[in-house]
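Novice: What follows is a predicted protein model with its sequence.
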Amino acid sequence: MGYEENCAAKPFAVTPWHLLRAIAHGIKAIHQRRKTRQILSHLNDAQLKDIGLTRSDIENERW
């Protein structure tokens, strides 16, 4: 099998659309993490223990 048969048509092709989508996904992920931290911070210590987290886990995002 030759090289031409085994390679993609456009390897490493990045368009502006791909970059915009990556940025949008990054912003969405940041927003979701912030929202999750906010929700978890309203739980009491017993509720956090039930799901296997501590206050420091929330602050440090080790989970």
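Specialist: Cool, the structure landed. Numbers count the residues shown, from 1 in each chain.
Novice: which one's the longest helix in this structure?
Specialist: Ranked by residue count under DSSP state H, the longest helix found in the chain is helix 16-41.
Novice: what's downstream of that helix, the next helix or strand?
Specialist: In the C-terminal direction, the helix or strand that comes right after helix 16-41 (DSSP states H and E) is helix 45-50.
Novice: Residues contacting that next one, please?
Specialist: Helix 45-50 has contacts (C-beta atoms under 8 Å, 6 or more residues apart in numbering) with Leu40, Thr54, Arg55, Asp57, Ile58. In this view, the C-beta of every residue, glycine as well, is placed from N, C-alpha and C.
Novice: List buried members of the residues you listed by neighbour count.
Specialist: Applying a neighbour-count criterion of 16 or more other C-beta atoms under 10 Å, the buried members of those are Leu40, Ile58.
Novice: Narrow the contacts of helix 45-50 to those in helices?
Specialist: The members of the contacts of helix 45-50 that map onto helices under DSSP H are Leu40, Arg55, Asp57, Ile58.
Novice: how far away is Gly52 from Ile58?
Specialist: 12 Å (C-beta to C-beta, to the nearest Å).
Novice: for stretch 46-63, which positions count as buried?
Specialist: Applying 16+ other C-beta under 10 Å to stretch 46-63 flags Leu48, Leu53, Ile58 as buried.
Novice: Which single one of those is nearest to Gln32?
Specialist: In terms of C-beta to C-beta, no member of those lies closer to Gln32 than Ile58, at 14.3 Å.
Novice: For that closest one, which residues are in contact?
Specialist: Each residue near Ile58 by C-beta under 8 Å, 6+ apart is listed here: Arg37, Leu40, Ser41, Leu48.
Novice: again, only using 7 Å
Specialist: By C-beta atoms under 7 Å, 6 or more residues apart in numbering, the residues touching Ile58 are Arg37, Leu40, Ser41.
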